[in-house]
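*Asks:* can't give you the sequence, but here's the structure:
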């Protein structure tokens, strides 16, 4: 499930791109998973088709998805984080109860720079 | 005979509509989330319009078939399938209502691809395909066993040996079989178009409505398939009843192998059964159409 907030700080195409990229890297969207068509996702999110097309094009540039006329847009293989990273992320989320997402990410950033 | 059958069928439809009306009128008490109400109401309207359109076209073609004897009942071979296709095409051409989202409000969407195949309730695709296969098999069997009548049309069946022979008509040979197959093809295309329309409609925008979204799509797809099933069953039942009756008339006792009598009886019985099932299927389509969204109710009744 992805959500677009038109009043959010990020452009809608970036919100779509980042949530799909997170889903692919977290393994939630598995290798070969067929994404909705541009028209379907644009209709569901009530955004212009060009917005979704731009998000898909960026994902394709990053190599996270592959698009072909016959097979649609599918998640490319080999982009999910290693299991250890995913397990650590889940443990971190469990330990961050009571923090907002920004606060939790701030803790990760601090640890990242310190390490 | 055909006129009597149509009258009987019409009477059955009227009784079915009354039953549907009574049942649904008593159940209209549940409430559903406000923002879903217009979408569900529009879905019901579209589904009911499709059924009404199919019934009107069916009776129009049936009346045409009855009032022009020169056609030899030919329109009946495709009446129900073409009528069903007309209803489904109307459904496919009517734009679905989209749930409105306040300007600036967040909106969500699933990441599963929808298509005409994904909206079909479990088990229905197999059932539909199997019935279609039986339809084609029966038409081909009748076509292959038919012989030409006095005017060279494939609408008779004959038995006999050196000493005695018999010929009976009307039999659903290629004269009726070809239009029946064309009607089946048109109906199948209309089903795919209508299901595609359901699959491509925009989803409800809130994550908590994801389940409701799946349910209205499946309920609408179920109306489409029940209507199409009813259309197929009517033509199939008519062909089998006609084949069984005519085959029975042509069979010569002690000359024709007994297997033909068995086939004749089986076809007659199955024909009647399929005609009854077609009425049930269309009634169920109407019942489902009237009740689209009833399972979506998640807002409790206000406490008084």
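*Replies:* Nice, I can see it. None of the values given here were measured: they were computed from a predicted structure.
*Asks:* excluding sequence neighbours, find me the nearest residue to residue B:49.
*Replies:* Of all residues not flanking residue B:49 in the chain, residue B:90 sits nearest, at 6.3 Å (Cβ to Cβ, 6 or more residues apart in numbering or on different chains). From N, CA and C alone the C-beta is placed, and that goes for glycine too.
*Asks:* next, count neighbours for the residue of chain A found nearest chain B.
*Replies:* Distance from chain B to each residue of chain A (Cβ to the nearest Cβ) is smallest for residue A:44, at 3.5 Å. Counted with other Cβ atoms under 10 Å in any protein chain shown, the neighbours of residue A:44 add up to 25.
*Asks:* and the strands in chain A?
*Replies:* Secondary structure of chain A (DSSP state E): strands at A:2-4, A:65-68, A:72-75.
*Asks:* can you name every helix or strand that the second one contacts?
*Replies:* In other words, strand A:65-68. Other helices and strands packing on strand A:65-68, by 3 or more Cβ pairs under 8 Å, 6 or more residues apart in numbering or on different chains; DSSP states H and E, are helix A:49-61, strand A:72-75.
*Asks:* what about the single nearest residue of the stretch 51-200 of chain B relative to chain A, how many neighbours?
*Replies:* Closest to chain A within the stretch 51-200 of chain B is residue B:109: 3.5 Å, counting by Cβ to the nearest Cβ. Number of residues near residue B:109 (other Cβ under 10 Å) recorded here: 27.
*Asks:* equivalent analysis for residue A:109, please.
*Replies:* 10.
*Asks:* equivalent analysis for residue B:115, please.
*Replies:* Neighbour number of residue B:115 under other Cβ under 10 Å is 16.
*Asks:* and the closest residue to it other than its chain neighbours, what does it touch?
*Replies:* Excluding its sequence neighbours, the residue lying closest to residue B:115 (Cβ to Cβ, 6+ apart) is residue B:199, at 5.3 Å. Going by Cβ atoms under 8 Å, 6 or more residues apart in numbering or on different chains, residue B:199 touches B:114, B:115, B:116, B:117, B:118, B:119, B:217.
*Asks:* and the fifth one, that's in a helix?
*Replies:* No - Residue B:118: not assigned to a helix; according to DSSP: H, G, I helix; E, B strand; the rest coil it is coil.
*Asks:* could you check the pLDDT of the residue nearest to residue B:49?
*Replies:* Here the pLDDT value assigned to residue B:90 is 96.
*Asks:* count the residues that sit near it.
*Replies:* 19.
*Asks:* likewise for residue B:172?
*Replies:* 30.
*Asks:* pretty sure it contacts residue B:77?
*Replies:* Yes - taking contacts as Cβ atoms under 8 Å, residue B:172 lies within contact range of residue B:77: 7.3 Å.
*Asks:* give me every residue in chain B lying close to chain A.
*Replies:* When proximity is defined as Cβ under 8 Å from any Cβ of the partner chain, chain B approaches chain A at B:98, B:101, B:103-114, B:200-203, B:205, B:207, B:210.
*Asks:* can we see that at 7 Å?
*Replies:* Residues of chain B found near chain A (Cβ under 7 Å from any Cβ of the partner chain) are B:101, B:104, B:106-114, B:200, B:202-203, B:205, B:207.
*Asks:* just the ones in helices from those, please.
*Replies:* Per DSSP state H, helices hold the following members of those: residue B:200.
*Asks:* and the two most separated of the residues of chain B next to chain A?
*Replies:* Maximum pairwise distance in the residues of chain B next to chain A, criterion Cβ to Cβ, is 28.0 Å, between B:104 and B:113.
*Asks:* neighbour-wise, which of those two wins?
*Replies:* A side-by-side neighbour count of residue B:104 and residue B:113, using other Cβ under 10 Å, places residue B:113 first with 17 against 9.
*Asks:* and the helices in the stretch 201-304 of chain B, which stretches?
*Replies:* B:210-250, B:258-290 (DSSP state H, counting those that start in this stretch).
*Asks:* so the first one versus helix B:258-290, what angle?
*Replies:* Pointing back at helix B:210-250 there. 150 degrees (axes from the mean of the first three to the mean of the last three Cα atoms, to 10 degrees).
*Asks:* for helix B:210-250, packing partners?
*Replies:* helix B:37-67, helix B:76-93, helix B:124-145, strand B:154-160, strand B:165-168, helix B:174-200, helix B:258-290 (3 or more Cβ pairs under 7 Å, 6 or more residues apart in numbering or on different chains; DSSP states H and E).
*Asks:* can you tell me which of these is packed in deepest?
*Replies:* When the helices and strands packed on helix B:210-250 are scored by mean count of other Cβ atoms under 10 Å in any protein chain shown, the highest mean neighbour count falls to helix B:76-93 (a mean of 25).
*Asks:* quick one, that helix and helix B:258-290 angle?
*Replies:* 30 degrees.
*Asks:* end-to-end on stretch A:40-57?
*Replies:* 16 Å (Cα to Cα, to the nearest Å).
*Asks:* list the contacts of residue A:23.
*Replies:* For residue A:23, the contacting residues are A:29, B:111, by Cβ atoms under 7 Å, 6 or more residues apart in numbering or on different chains.
*Asks:* most neighbours out of the residues of chain B next to chain A, which is it?
*Replies:* Within the residues of chain B next to chain A, neighbour counts (other Cβ under 10 Å) peak at residue B:109, which reaches 27 neighbours.
*Asks:* which residue sits closest to residue 16 in space, ignoring its chain neighbours?
*Replies:* In the absence of a named chain, chain A is used. Nearest residue to residue A:16, sequence neighbours excluded (Cβ to Cβ, 6+ apart): residue A:55, at 3.9 Å.
*Asks:* you looked at the wrong chain, it should be chain B
*Replies:* Counting by Cβ to Cβ, 6+ apart, the residue nearest residue B:16 is residue B:283, at 3.8 Å.
*Asks:* stretch A:1-11: which residues count as buried?
*Replies:* A:2, A:3, A:4, A:6 (16 or more other Cβ atoms under 10 Å in any protein chain shown).
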